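Chemist: the following comprises the amino acid sequence and a computationally predicted model.
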Amino acid sequence: MPREDNTTRIRRELLVRLGRLALEGTLADSIDDVPFDMTAEGWETMRCCVHHDRAILRLRSYALLGGDVRGMDDVRKPLSVLAEGFQNSRCQDGAELGESGRFPLQVLGEACNACAKSRYVVTDACQACVARPCKVNCPKGAVTVNGRSHIDPDKCVNCGLCEKSCPFHAIVKVPVPCEEVCPTGAISKGEDGIARIDEAKCILCGKCLRACPFGAPIEQTQYLEAASWLREQARPLIALVAPATMAQFPVSSGKFMAGLYRLGFAAVAEVAEAACATAEREAAELRERMHRSEGFLATSCCPSWVLASKALGDVAGHVSHTPSPMAIAAKWARKRYPEARIVFIGPCLAKRAEARGFPGEDGRKLVDAVLSAEEIGALFTAKDIQLQALEEARAVQLAEQGSSLDLCYGRGFAQSGGVAASVQSVLENGNSRIEVGSSWTIRTLVIQGLSKQVLALAALWNKKAPDADLVEVMACEGGCIGGPLAIAQAKSAAVFLQRYMSEPPPEAKVASSSEAVEKAV
Amino acid sequence: MKKVHVTICAGTACYVLGGAELLGAIDSWIAKWGEQVEFEGTPCLGFCKSAGEAKAPYVLVNGLVVEHTTAEKLEEMVNSALLGTEEEASSADAAARPGNAIIRKDGGYASGR
């Protein structure tokens, strides 16, 4: 779920400003001005001084240009020099700056506050009472009372019994926000207090990105690269729009599509179409599994969950092999537009990793770039596109043959429960893979929001299978619409998604606007 | 009693730069203030063009422009506007109502900072 605060606001404003320069082709000329322009009159100083704020903005820009925030090899160079290199490397014939191969989530050490270790603290509310439950209940003898309760940090094991037992609520836990939300313990403070991410453990749920009050976790994105593609138009660009993205803006899908055409995309397609195909295949897989009595099937469309399952022993073997809607849509798009660049748009961080994991048959990646909902919103703003003012436009249809499943089910994939509902509908109503009349009732378990507790519960499935045939797991609360890079508030997003689900599907016949696209491609 | 009228710009720039939070909070505000305060979302008010998106999101409270609006700031503005309308109703001297440092009565941009 998005959290609106200054770190979000600063990140987005920087995206808008750099996006505008990239769309205008003036990155190298003006990028060094941006940290100063943003902190001009009216700026509320956030850190020790405005110079520190600027230094961090500069490093954020450096990261957006593809700089490595861990090594910072070329961090001394002016941003303009890096931007020039960025543009040149992009202009070379056939050169793909592409993925740095770097993990999509990094910690910007300079921005990290090196918060004090998570600990229990006695506050002024302590009355040094006679009962002293803090001292009595402490299993390690870490609490002494001398005019006031004291906790010896060397003895304390952070069990929290003192906090729970204090009648004055005088003892509080001071957490480390990133460590507290991380479901896998992948982010933790080093000796120097600076947080680091263990890439082997990280499932890219993006919770730390939202939780850190200093905005230290940052993405490694292809934002400026995609903006440059949009400006140059060297090759046609195809947008694959996740249903969760449609739930991020207060406009109809037609107007959102129109905005994407205005940005310079040659064709825009709904990933919801591919979601219907995912549901059909997953239903077939589930039935197969039930026939062979192989136990439950867990859904595979959430890449964070797929990553998390790998550390859960045999549970990983229950995760479906059905490709995600993004993978299916990308495959269709590549086939139909072999010369084009494919850009997936969603509110998900982990899709950036999933996008790398799918080399196509020709060795190319199935998706050339992943943009977040936030980034596409920033590009609309950078190009002064007012979505409400646009004429409705239509998406192109990628699927060669229609699905037996109503498109609204595919659109519903964005919400917790949507995948299970789709698979159930396929099983109840039959399709080409499953004969009609073979009505199956399945038991479903729906899980939204991965936390330490949920993963501990899932680990228990190794011993005792869940009481369900189909387990739908989405790492984000509410499902993909509550993704870490979403814009809309959870409640609004749910309303927007309902509206999108009730909209009619684009007409089967390819719309006239996209016939021009066919020619361009 | 006069109502306070709040117009939230739902233009794309305002929406992306913080308006989404304001629109998402309307339900809780309606629960809090009831019929005293009317909320309305509107297509782009045009301020991002004239004053720049750096000061988005823009909101109108009784026609006065608020810039760089956060939920907290909006609540503050509405509360002082409500106070204003109450005093106006109870006192013959409307001019005695408390001025607000952020709202300029000429309808010019509020200086948010």
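Modeler: Structure's in. What do you need?

Chemist: stretch A:473-491 near chain B at all?
Modeler: Yes: in terms of Cβ under 8 Å from any Cβ of the partner chain, part of stretch A:473-491 sits within range of chain B, namely A:487-491. Where you see a C-beta, it was placed from the backbone N, CA and C, and this is true even at glycine.

Chemist: leaving out sequence neighbours, find the closest residue to whichever residue of the stretch 51-200 of chain A sits closest to chain B.
Modeler: For the stretch 51-200 of chain A, the residue closest to chain B is A:L57, as judged by Cβ to the nearest Cβ, at 13.0 Å. In this structure, A:L57 finds its nearest non-sequential neighbour in A:P35, 3.9 Å apart by Cβ to Cβ, 6 or more residues apart in numbering or on different chains.

Chemist: could you check the pLDDT of that neighbour?
Modeler: Note on A:P35: pLDDT of 94.

Chemist: try A:P175
Modeler: Confidence at A:P175, expressed as pLDDT, is 90.

Chemist: can you pull the contacts of it?
Modeler: A:S118 (Cβ atoms under 8 Å, 6 or more residues apart in numbering or on different chains).

Chemist: can you show me the strands along chain B?
Modeler: B:4-9, B:37-42, B:59-61, B:64-66 (DSSP state E).

Chemist: tell me the most buried of those?
Modeler: Among the strands of chain B, ranked by average contacts under mean count of other Cβ atoms under 10 Å in any protein chain shown, first place goes to strand B:59-61 (a mean of 24).

Chemist: if I look at the residue lying closest to A:T278 once chain neighbours are set aside, how far off is A:R411?
Modeler: Sequence neighbours aside, A:P325 is the residue nearest to A:T278 in space, at 5.0 Å (criterion: Cβ to Cβ, 6+ apart). Separation of A:P325 from A:R411 (Cβ to Cβ, to the nearest Å): 11 Å.

Chemist: got it, and B:L74?
Modeler: 32 Å.

Chemist: who has more neighbours out of those two?
Modeler: Neighbours of B:L74 and A:R411, each counted by other Cβ atoms under 10 Å in any protein chain shown, are more numerous for A:R411; the result is 30 against 20.

Chemist: hang on, the more buried one packs against A:A247?
Modeler: No: counting by Cβ atoms under 8 Å, A:R411 does not reach A:A247; the two are 9.0 Å apart.

Chemist: list the residues that contact both of these two?
Modeler: A:497, A:500.

Chemist: list the contacts of the residue in the stretch 251-400 of chain A that chain B sits nearest to.
Modeler: Nearest residue of the stretch 251-400 of chain A to chain B: A:G377, at 3.8 Å (Cβ to the nearest Cβ). By Cβ under 8 Å, 6+ apart, the residues touching A:G377 are A:12, A:248-249, A:487, B:12, B:15-16.

Chemist: try 10 Å
Modeler: Applying Cβ atoms under 10 Å, 6 or more residues apart in numbering or on different chains, we find A:G377 in contact with A:12, A:15-16, A:19, A:245, A:248-249, A:259, A:371, A:387, A:485-488, B:12-13, B:15-17, B:20.

Chemist: what does A:A475 give?
Modeler: Applying Cβ under 10 Å, 6+ apart, we find A:A475 in contact with A:183, A:203-207, A:302-308, A:348-350, A:447-451, A:454, A:482-484.

Chemist: now A:A316: closest residue in space that isn't a chain neighbour?
Modeler: Here the residue nearest A:A316, using Cβ to Cβ, 6+ apart, is A:S309, at 4.6 Å.

Chemist: so for the residue of the stretch 251-400 of chain A closest to chain B, what's the pLDDT?
Modeler: So A:G377 comes in at 96 (pLDDT).

Chemist: surely it is within a helix?
Modeler: Yes: according to DSSP: H, G, I helix; E, B strand; the rest coil, A:G377 belongs to a helix.

Chemist: so how many other residues sit close to residue 63?
Modeler: I'll assume chain A. 19.

Chemist: to clarify, I was referring to chain B.
Modeler: Neighbour count for B:G63, taken as other Cβ under 10 Å: 9.

Chemist: kindly report the residues of chain B close to chain A.
Modeler: B:10-28, B:41-44, B:46, B:48-49, B:53-57, B:67-68, B:70-71, B:111-113 (Cβ under 10 Å from any Cβ of the partner chain).

Chemist: mark which of these are part of helices, please.
Modeler: Using DSSP state H, B:12-14, B:20-28, B:48-49, B:71 are the members of those that sit in helices.

Chemist: off-centre distance for the helix or strand containing A:A493?
Modeler: Using DSSP states H and E, A:A493 sits within helix A:490-502. The chain centroid and the centroid of helix A:490-502 are separated by 18 Å under Cα atoms, centre = their mean, to the nearest Å.

Chemist: wait, what's in contact with the residue lying closest to B:T70 once chain neighbours are set aside?
Modeler: Of all residues not flanking B:T70 in the chain, B:G18 sits nearest, at 6.8 Å (Cβ to Cβ, 6+ apart). When contacts are counted by Cβ under 10 Å, 6+ apart, B:G18 touches A:4-6, A:8-9, A:12-13, A:487, B:56-59, B:68-71.

Chemist: now for those: which two are most distant?
Modeler: A:D5 and B:Y58 (18.8 Å; Cβ to Cβ).

Chemist: who has more neighbours out of the two?
Modeler: B:Y58 (29 against 14).

Chemist: what sits against that one?
Modeler: Contacts of B:Y58 by Cβ under 10 Å, 6+ apart are B:7-9, B:11, B:13-14, B:17-19, B:42, B:44-48, B:51, B:65-69, B:109-110.

Chemist: mind doing that once more with 8 Å?
Modeler: With Cβ under 8 Å, 6+ apart, B:Y58 has these contacts: B:9, B:14, B:45, B:47-48, B:65-67, B:69.
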